[in-house]
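# Just to be clear, the model below is a prediction. Sequence and coordinates:
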Amino acid sequence: MKIAVAAANGRVAKKVIAEALSRGHEVVAFGRHAENDTQAKDYRQKDILDLTKEDLTGFDAVVDAFGAWKEETLPLHSTTTQHLADILSGTDTRLLIVGGAGSLYIDPEHKVQLFDTPDFPDAFKPLATAMGKALAELRERNDVKWTYISPAADFQADGERTGEYILAGEEFTLNGKNESVISYADYAIAMVDEIEKNAHIQQRISVVRA
């Protein structure tokens, strides 16, 4: 398959690129920095908001790995996601978003999200809220083959690659050890699995370590 990864120099993006390449897929990495810090041989310097329809023509899937953490840049989660959705509107190219855990629901009625709970860390609420808003806006679109993948609450950059994960849906899910944890490496496995299986179109899914 031919896969594009936007915001490719991020740590999650690099894991996704490495996983996809290890399975023999063709990967084009788009990053805003001049240097290529990924394993992709085809690296193109381009900011995510500068990407055009021409840039992303012919891909089976586009991975949106954008991340912003400063308060003034948090709205870019919505801006970047909508920009990619606009580019891919009406095409067969899938859009897969590296999401957040804060917007997962903790009740069967899907009324209360994780970031609404008293124990959710205040420091992460602005980020979780911004990412949740981007997801809510994505749900309004039926012109794009999007899939939003939320990690577990404890998303570990340097966690081990176990090769196993539990695939869940909209609700906050714990594993058999009562944990909500996953490594970047195992998340990348889930991302590439989802691309290969071509499932969960216009859905949010979540993953946790098995």
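On my side now, so go ahead.
# C-alpha only now, for contacts and for neighbours.
OK.
# May I have the phi/psi pair for the residue nearest to the spatial centre of the chain?
Nearest residue to the geometric centre of the chain (C-alpha atoms, centre = their mean): residue 98, 0.9 Å. Taking degrees, to the nearest 10, you get phi -80, psi 110 for the backbone angles of residue 98.
# ok, which stretches of this structure are helices?
Using DSSP state H, the helices of the chain run over 11-22, 76-88, 125-139, 184-197.
# Redo those helices as JSON lines? Include mean neighbour count, distance to residue 29 and mean pLDDT.
Shown next, in JSON lines, are the helices of the chain (neighbours: other C-alpha atoms under 10 Å; distance: least, C-alpha to C-alpha, whole Å; pLDDT from 0 to 100):
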{"stretch": "helix 11-22", "mean neighbour count": "21", "distance to residue 29": "8", "mean pLDDT": "98"}
{"stretch": "helix 76-88", "mean neighbour count": "19", "distance to residue 29": "15", "mean pLDDT": "97"}
{"stretch": "helix 125-139", "mean neighbour count": "19", "distance to residue 29": "23", "mean pLDDT": "96"}
{"stretch": "helix 184-197", "mean neighbour count": "21", "distance to residue 29": "15", "mean pLDDT": "98"}
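# wait, which of those helices is closest to residue 104?
Taking C-alpha to C-alpha, helix 125-139 is the member of the helices of the chain nearest to residue 104, at 8.7 Å.
# May I have that closest one exported as PDB, CA atoms only?
What follows is helix 125-139, C-alpha atoms only, in PDB (Å, rounded to 0.1, in the frame of the first residue of the first chain):
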ATOM      1  CA  LYS A 125      -7.500  19.300  30.000                       C
ATOM      2  CA  PRO A 126      -6.900  22.000  27.400                       C
ATOM      3  CA  LEU A 127      -5.100  19.500  25.100                       C
ATOM      4  CA  ALA A 128      -7.800  16.800  25.600                       C
ATOM      5  CA  THR A 129     -10.600  19.300  25.000                       C
ATOM      6  CA  ALA A 130      -8.900  20.600  21.800                       C
ATOM      7  CA  MET A 131      -8.400  17.100  20.500                       C
ATOM      8  CA  GLY A 132     -12.000  16.200  21.400                       C
ATOM      9  CA  LYS A 133     -13.300  19.200  19.500                       C
ATOM     10  CA  ALA A 134     -11.400  18.100  16.400                       C
ATOM     11  CA  LEU A 135     -13.000  14.600  16.700                       C
ATOM     12  CA  ALA A 136     -16.500  16.100  17.100                       C
ATOM     13  CA  GLU A 137     -16.000  18.200  14.000                       C
ATOM     14  CA  LEU A 138     -14.800  15.100  12.100                       C
ATOM     15  CA  ARG A 139     -17.900  13.300  13.100                       C
END
